[in-house]
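A.B. asks: would you be able to build a 3D model of this:
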Amino acid sequence: MYKRILIANRGEIALRIIRACRELGVETVVVYSEADRGARYLDLADERYCIGRAKPLHSYLDKKSVIAAAEVGNVQAIHPGYGFLAENADFADMCRDCKIDFIGPTPESMNLLGDKNSARKLAKEAGVPVVPGSEGLLEGEREAVEVARRIGFPVLIKATAGGGGRGMRVAANELKLKAEMQQAQAEAKAAFGNPGVYLEKYVEFPRHIEVQLLADQHESVVHLFERDCTLQRRHQKLIEESPAVNLPSQTRIAICESAVRLAKAAKYTNAGTVEFIVDRSGNFYFIEANTRIQVEHPVTEMVTGIDLVKWQIRVAAGEKLSFAQDDVKLTGAAIECRINAEDPEQNFKPCPGRIEQLIPPGGPGVRFDSHAHAGYTVSPYYDSMIGKLIVHQPTRAEAIACMLRCLRELRVDGIKTTVPIQQALLQHSAFVEGRVDTTFIERTFMVKS
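C.D. replies: Next comes the predicted model:
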């Protein structure tokens, strides 16, 4: 086991990793930006280093500064959390060159699965269903039109790099395809430095189902069942749950087994997630792999009892998984609400500012993962999430009731949050009955501009 780890992240996930390390007896070094100076979670680390200005490009995305802090801090490994450098294969390669373990997959696996086009090709080879689309990256508008005519409109233009919905556009006809393709390429280049895009058939009104994986360095790969992340806006998740409601057991098994096959084909290690969409007929298709810990990992931890962050660290240190697939049991139902500093009445406009009062809920089966507190200022430079509220109960109905009670108890004064819309969603008959799709929030609650 490691003696000392650097955490190359901030906020909630940095605090989550600090806590896991402390329970494992591992010392922590945390980097922070000028904007995060004085954050309370930094006091829980053994050492802390400021690595730059507020903007991520000058701090959390500055690979050389992170490596320098790791060398000064005399660490053996770096945990990237999620976002920032978590899926940056070049950074993972830099760590390896500097003889510092990267707590995540190898750069080779990351490149293979992080690039959506190569991941799609690998999925086909592994017998994992993929959405009909182009065979590779599009060379130009003419090829895009030819592919669209073959698979039929509407189509989805997708950036091969990155995630979070950036570089994605839907086109309902040829004229729209040409215009949206240019915008998608420009957005992808600006966000990821890679303008490459490919085309898929746009599956209308799908559900978003993802499978959590753990893989050690000794060829053991297990799935920890699925999460339903269908409730999202602008491709950003708002509520997640496990198990997925109204998902036939045969489909659940097939999706989970497909995810394991893909991970084995990529020689994947550490924690990762394979994402799928499920159409109205129950057919499922691979869409992408996330080569990192997910924001919503607590949902899986609650229903399986497996600490994913601790196992990330153990696996990176060379330990074997202490359990096999048959040992993983799914118990009860868990729901997570991402509490974001956003105004749902203004189409989720970010609302940075000072939190005047924060009182988290409690009770049996309740977990609130957050670095925020009364007096904390939500920065405009980073993601708007201020915390994750997770509940675990014996049944889904009880989990919904518990979450509604917790949302009523939660006090976040001074800024707007997503709590009101989450309360509305949890009480909506479509959610209660499991009839939502990935466009439900945008169709039902958002004002079209």
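A.B. asks: tell me, what residue is most central in the protein?
C.D. replies: Most central in the chain under C-alpha atoms, centre = their mean is residue 294, positioned 3.7 Å from the mean C-alpha point.
A.B. asks: give me the distance between that one and residue 384.
C.D. replies: Separation of residue 294 from residue 384 (C-beta to C-beta, to the nearest Å): 17 Å. Where C-beta positions appear, they are placed from N, C-alpha and C, glycine not excepted.
A.B. asks: please identify the buried residues of the one helix or strand residue 170 maps to?
C.D. replies: Per DSSP states H and E: residue 170 is located in strand 168-171. Residues of strand 168-171 classed as buried: 168-169, 171 (neighbour count, 16 or more other C-beta atoms under 10 Å).
A.B. asks: now for that strand, which elements pack on it?
C.D. replies: Here strand 168-171 touches strand 155-159, helix 174-192, going by 3 or more C-beta pairs under 8 Å, 6 or more residues apart in numbering; DSSP states H and E.
A.B. asks: which helices and strands sit right next to the last one?
C.D. replies: When you say that, I think you mean helix 174-192. Using 3+ C-beta pairs under 8 Å, 6+ apart: helix 174-192 touches helix 141-151, strand 155-159, strand 168-171, strand 197-201.
A.B. asks: and the angle for it with strand 197-201?
C.D. replies: 130 degrees (axes from the mean of the first three to the mean of the last three C-alpha atoms, to 10 degrees).
A.B. asks: cool, and the shortest one?
C.D. replies: Taking the same axes, to 10 degrees, strand 155-159 and strand 197-201 form an angle of 150 degrees between their directions.
A.B. asks: and stretch 25-44, average pLDDT?
C.D. replies: In this model, stretch 25-44 has a mean pLDDT of 97.
A.B. asks: correction: stretch 307-319
C.D. replies: 98.
A.B. asks: okay, and the residue nearest to residue 218 when sequence neighbours are not counted sits in which element?
C.D. replies: Excluding the flanking residues, the one nearest residue 218 by C-beta to C-beta, 6 or more residues apart in numbering is residue 320, at 5.0 Å. For residue 320, there is no helix or strand it lies in under DSSP H and E.
A.B. asks: residues contacting residue 320?
C.D. replies: Applying C-beta atoms under 8 Å, 6 or more residues apart in numbering, we find residue 320 in contact with 216, 218, 220.
A.B. asks: how near is it to residue 220?
C.D. replies: Counting by C-beta to C-beta, the gap from residue 320 to residue 220 is 7 Å.
A.B. asks: also residue 226?
C.D. replies: Distance, residue 226 to residue 220, by C-beta to C-beta: 20 Å.
A.B. asks: again, but for residue 24
C.D. replies: Residue 24 is 20 Å from residue 220, by C-beta to C-beta.
A.B. asks: then residue 153?
C.D. replies: Applying C-beta to C-beta, the value for residue 153 to residue 220 is 44 Å.
A.B. asks: what do you get for residue 201?
C.D. replies: Applying C-beta to C-beta, the value for residue 201 to residue 220 is 35 Å.
A.B. asks: just residue 300 next, same as before
C.D. replies: Using C-beta to C-beta, residue 300 is found at 18 Å from residue 220.
A.B. asks: which one's more surrounded, the two?
C.D. replies: residue 300 (29 against 17; other C-beta atoms under 10 Å).
A.B. asks: I figured that one hits residue 308, correct?
C.D. replies: Yes - with contact defined as C-beta atoms under 8 Å, residue 300 counts as touching residue 308 (6.6 Å).
A.B. asks: anything in contact with each of the two?
C.D. replies: Common contacts of residue 300 and residue 308, defined by C-beta under 8 Å, 6+ apart, comprise 212, 224.
A.B. asks: strands of the stretch 201-350 of the chain, residue ranges please.
C.D. replies: Under the criterion DSSP state E, counting those that start in this stretch, the stretch 201-350 of the chain carries strands at the ranges 207-215, 221-233, 236-242, 270-278, 284-290, 333-340, 342-343, 349-350.
A.B. asks: using CSV, write out every CA atom in the lowest-mean-pLDDT helix or strand in the chain.
C.D. replies: Ranked by mean pLDDT, DSSP states H and E, the weakest helix or strand in the chain is helix 174-192, scoring a mean of 88. The C-alpha trace of helix 174-192 is given here as CSV (Å, rounded to 0.1, in the frame of the first residue of the first chain):
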residue,chain,number,x,y,z
GLU,A,174,-29.3,17.5,-44.5
LEU,A,175,-29.3,21.3,-44.2
LYS,A,176,-29.2,21.1,-40.4
LEU,A,177,-26.5,18.4,-40.6
LYS,A,178,-24.1,20.7,-42.5
ALA,A,179,-24.6,23.6,-40.1
GLU,A,180,-24.5,21.5,-36.9
MET,A,181,-21.4,19.6,-38.0
GLN,A,182,-19.4,22.8,-38.3
GLN,A,183,-20.6,23.9,-34.9
ALA,A,184,-19.8,20.5,-33.3
GLN,A,185,-16.3,20.5,-34.8
ALA,A,186,-15.6,24.0,-33.6
GLU,A,187,-16.9,23.3,-30.1
ALA,A,188,-14.9,20.0,-29.9
LYS,A,189,-11.7,21.8,-31.0
ALA,A,190,-12.2,24.6,-28.4
ALA,A,191,-13.0,22.2,-25.6
PHE,A,192,-10.7,19.2,-26.3
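A.B. asks: start the count at 229 instead of 1 going forward.
C.D. replies: Happy to do that; since the first residue is 229 now, the last one works out to helix 402-420.
A.B. asks: any residues touching that helix, and which ones?
C.D. replies: 366, 369, 372-373, 376, 381, 383, 385-390, 394-399, 422-425.
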